[in-house]
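A.B. asks: Everything below, folded, please.
(one chain, ligands or ions: 1)
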Amino acid sequence: MFRSVPGAPPDPILGLSAAFQADDRDDKINLTVGVYCEADGSTPVLDVIRTAEQRLYDTERSKTYLPITGSPLFARGVRTLLFGDDADLAARSAVADTPGGTGALSVVARLAWVTSHTTTVWISNPTWPNHRAVFADQGLGVQSYRYADASGRRLPMAELLEDLGRANAGDLVVLHGCCHNPTGADLTPSEWSQIAEVLLARGAAAVVDTAYVGLGDGIEPDTAGIRILAEAGVELFVCLSFSKNLGLYAERVGALVTVGPGAEAVHLVDSRVKACARSIYSNPPKHGGESAAIVLTDPELHAAWLDELAVMRQRINGLRSQLADQLAGAGLDLCPGVATGRGLFSLTGLTSDEVVRLRTERGIYLVENGRINVAALTEDNIPLVVDAFARLRQS
Ligand SMILES: Cc1ncc(COP(=O)(O)O)c(C=O)c1O
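C.D. replies: Numbering: from 1, shown residues only. A predicted model of the protein is given here:
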């Protein structure tokens, strides 16, 4: 078998990180990474996580398996995060603790495949590249709907709705809950309502992939789209990640929240979620999930987490404004969505040739589609980046 397996191409973003490490220029800048970072380039452990981990260390008596969908405390914390004290949404939802947001997406992909081989999954163009991989590798058909142009500017809503109007009953439509990756251009509440209408009319279900809750405008606004779909009665899988907003990247903590129009249907789908999780990873990793559960449910730690999130969010949004101002000052029409966008990412609008030139001539690393991680900018490196963009456009 091994001889007949065609090798897979290397991950493009990880390949760029390796090239950055090997680059010996002192003034190199890496804007490719997909993690939140401080001005010194570090991605620190949150204070609230340190406290929760200490508490776990002091009280934990066993590392025996968790239930397939994780602990009840974790489920309570996730429900409150998304639905506040809405008893109706709580009653018609089920929560599974998953290995990261990717784990949640993978369970949805497997569930869709084992229940129907004809499901088509609709993803935004552009989107996080792993969306296509997760669903296509499971054998599902993947189609894209129009969302933004190559500079990250949102396309007219009519185009998105026209594409989603071609979804069939039973199809899955993947939407970014907030902080769209790679554009940072999000849906407004009224746009979420329009999407809900089309999904209900077509009989399609939504997969809201949301990896940056709290890093856009705050927990409440960043989760509004989820509640709009849920309240409208759309069948919904929420794939939540705690990698960025709790800094738990390597601990692999996420959640799959199934929401349906009624508790009975949700119970049935949840039994499938459990069966799929069982065959993929059996039960979730314990340490990160329990740490997250403590932060989500302890009132003091929860309040302290909101403060830490606000610091991260303000840093990102401040950098967005600084970059926008300096680009405007230099007369450059690059990154048109950076001032209004949210989250870690923005598209510059640079072509792939320009991205290569920037890397080779200036040691500034961007993803091939021109995506930058705004959090990797600093007060010091923004002028260098803008100067490099300006020279590129002059030559
Ligand atoms: C849109 C999107 N979804 C999901 C994820 C996956 O997150 P996790 O590391 O929790 O699997 C990411 C991470 O980069 C992402 O950007």
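
A.B. asks: Going by neighbour count, list what's buried in stretch 296-315.
C.D. replies: Buried residues in stretch 296-315, counted by 16 or more other Cβ atoms under 10 Å: 296-298, 301-302, 304-305, 308-309, 312-313, 315. Yep, even glycine has a C-beta here, placed from its N, CA and C like the rest.

A.B. asks: end-to-end on stretch 325-343?
C.D. replies: 18 Å (Cα to Cα, to the nearest Å).

A.B. asks: Val385 contacts Asn30, correct?
C.D. replies: No: in this structure Val385 lies outside contact range of Asn30 using Cβ atoms under 8 Å: 11.4 Å.

A.B. asks: These two: which is more packed in?
C.D. replies: Taking other Cβ atoms under 10 Å, Val385 and Asn30 do not tie; Val385 has more neighbours (25 against 20).

A.B. asks: Doesn't the more buried one belong to a helix?
C.D. replies: Yes: with DSSP: H, G, I helix; E, B strand; the rest coil as the criterion, Val385 is part of a helix.

A.B. asks: need the strands for the protein, in chain order.
C.D. replies: Taking DSSP state E, the strands of the chain run over residues 29-30, 93-98, 120-125, 141-146, 172-176, 205-210, 236-241, 254-259, 345-347, 364-365, 371-373.

A.B. asks: which residues are in contact with stretch 313-322?
C.D. replies: Identification of contacts with stretch 313-322 by Cβ atoms under 8 Å, 6 or more residues apart in numbering yields 36, 38-39, 214-218, 338-339, 341-344, 346, 374-375, 377-379, 382.

A.B. asks: Of the residues you listed, just the buried ones, ChimeraX syntax please.
C.D. replies: Per 16+ other Cβ under 10 Å, the buried members of those correspond to this ChimeraX selection:
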select :36,214,215,216,217,338,339,341,342,343,344,346,374,375,377,378,382
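
A.B. asks: Just the ones of the contacts of stretch 313-322 in helices?
C.D. replies: Of these, the ones assigned to helices by DSSP state H are Ile382.

A.B. asks: Check whether Leu306 really touches Val213, as I assumed.
C.D. replies: No: contact criterion Cβ under 8 Å: Leu306 and Val213 do not qualify, at 11.5 Å.

A.B. asks: so what sits against both of the two?
C.D. replies: In contact with both Leu306 and Val213: Ile219, using Cβ under 8 Å, 6+ apart.

A.B. asks: distance between the ends of stretch 110-120?
C.D. replies: Distance between the two ends of stretch 110-120: 13 Å, counting by Cα to Cα.

A.B. asks: And that stretch, how far out from the chain middle?
C.D. replies: Counting by Cα atoms, centre = their mean, to the nearest Å, stretch 110-120 is centred 23 Å from the centre of its parent chain.

A.B. asks: Would you mark the buried spots in it?
C.D. replies: Neighbour-count burial for stretch 110-120, with 16+ other Cβ under 10 Å as criterion, is recorded at 110-112, 119-120.

A.B. asks: interface residues of the stretch 251-395 of the chain facing the ligand?
C.D. replies: Applying Cβ under 6 Å from any ligand atom, we find that the stretch 251-395 of the chain lies next to the ligand at Gly254.

A.B. asks: roughly how far out does stretch 57-72 sit from the chain middle?
C.D. replies: Distance, centroid of stretch 57-72 to centroid of chain: 26 Å (Cα atoms, centre = their mean).

A.B. asks: do the same with stretch 168-176
C.D. replies: Its chain's C-alpha centre and that of stretch 168-176 lie 17 Å apart, by Cα atoms, centre = their mean.

A.B. asks: what does stretch 105-112 give?
C.D. replies: 16 Å.

A.B. asks: quick one on the thing from earlier: from the buried residues of stretch 296-315, pick the one nearest Phe20.
C.D. replies: Comparing these against Phe20 with Cβ to Cβ places Arg315 closest, at 21.7 Å.

A.B. asks: And the pLDDT for that closest one?
C.D. replies: With respect to pLDDT, Arg315 has a value of 97.

A.B. asks: Ok, Ser279 next?
C.D. replies: Ser279 is given a pLDDT of 97.

A.B. asks: and the nearest residue to it once chain neighbours are set aside, what does it touch?
C.D. replies: Of all residues not flanking Ser279 in the chain, Arg110 sits nearest, at 7.5 Å (Cβ to Cβ, 6 or more residues apart in numbering). Counting by Cβ under 8 Å, 6+ apart, Arg110 makes contact with 138, 276, 279-280.

A.B. asks: re earlier: okay, the strands of the chain in CSV with distance to Arg76 and mean pLDDT next?
C.D. replies: As requested, those are exported to CSV (distance: least, Cβ to Cβ, whole Å; pLDDT from 0 to 100):
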stretch, distance to Arg76, mean pLDDT
strand 29-30, 39, 96
strand 93-98, 8, 98
strand 120-125, 30, 98
strand 141-146, 34, 98
strand 172-176, 25, 98
strand 205-210, 19, 98
strand 236-241, 14, 98
strand 254-259, 12, 98
strand 345-347, 31, 98
strand 364-365, 42, 97
strand 371-373, 33, 97
